[in-house]
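1. Have a look at this prediction, sequence included:
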Amino acid sequence: MKNMDSSPRLENVLFYVMEKTIKSYRQFAQRNLNTLNQDLTIDQWLILKTLHDNPKLTQREIAERVFKDHASITRMIDLLVTKGFIERFPHPDDRRRYTLQLTPMGKKAQQESIPIIMQNRATALEGLNANEVATLRNLLQRITENCQNTNQKSKQS
């Protein structure tokens with residue numbers, strides 16, 4: 001009997017390959033980060049880096065920048081506060097919001113991790129030249145825009 005499934009094998013689906021690539025990179029990057037700091041995940045480091053670069057961001061803005069939903073970012077920030085990497089203060093103008101700030105320990109962990117993060121990226125991109133990296137970035141950005149534009153169109157309908 002002939003197979004009626006007309007969809008391609010997963011390993012031939014671009015988005016499957018992209019997901020596999022991201023998961024492989026994250027596992028690789030986390031292993032390397034663990035050699036420096038067992039108490040910090042890649043996602044937590046992204047929050048520290050985002051706060052370092054943009055100290056006035058709200059929790060919602062941080063969530064958008066690191067691609068996390070509100071519940072996830074709240075749990076992650078709670079954990080970073082508990083670990084002593086971030087301090088949370090009441091917002092001066094809005095009782096419903098908080099101001100987040102890196103502690104000295106959070107600043108140190110974020111800064112000390114940069115060489116490992118940079119080495120992870122270099123290793124992952126090994127063998128790709130600058131033009132290939134730029135092309136890949138542009139293609140991925142176009143896919144992102146296609147998906148976001150489709151979301152915008154469906155919300156307007």
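-> Alright, I've got the coordinates. Residues are numbered from 1 along each chain as shown.

2. C-alpha only now, for contacts and for neighbours.
-> Fine.

3. roughly how far apart are residue 64 and residue 86?
-> Applying Cα to Cα, to the nearest Å, the value for residue 64 to residue 86 is 18 Å.

4. quick one, what contacts the closest residue to residue 91 other than its chain neighbours?
-> Ranked by Cα to Cα, 6 or more residues apart in numbering and with sequence neighbours excluded, the top spatial neighbour of residue 91 is residue 98, at 4.6 Å. Residue 98 makes contact with 58, 59, 88, 89, 90, 91, according to Cα atoms under 8 Å, 6 or more residues apart in numbering.

5. One more pass at 6 Å, please.
-> Contacts for residue 98 (Cα atoms under 6 Å, 6 or more residues apart in numbering) come out as 89, 90, 91.

6. Tell me what it is bridged to.
-> Beta-bridge partners recorded for residue 98 (DSSP bridges): residue 90.

7. related to what we said a few turns ago, more crowded one of residue 64 and residue 86?
-> The neighbour comparison of residue 64 against residue 86 (other Cα atoms under 10 Å) goes to residue 86, with 23 against 13.

8. give me the number of residues near the residue lying closest to that one once chain neighbours are set aside?
-> Spatial nearest neighbour of residue 86, chain neighbours left out: residue 102 (4.5 Å); criterion: Cα to Cα, 6+ apart. Residue 102: 23 surrounding residues under other Cα under 10 Å.

9. From residue 22, how far out is residue 102?
-> Separation of residue 102 from residue 22 (Cα to Cα): 27 Å.

10. Can you show me the helices along the protein?
-> Using DSSP state H, the helices of the chain run over residues 14-34, 42-53, 59-65, 70-83, 104-124, 130-156.

11. Share the number of residues neighbouring the nearest residue to residue 133 once chain neighbours are set aside, please.
-> Nearest non-adjacent residue to residue 133, counting by Cα to Cα, 6+ apart: residue 125, 7.8 Å away. Residues contacting residue 125 under the criterion other Cα under 10 Å number 13.

12. can you check residue 146 too?
-> 12.

13. Good, wrapping up.
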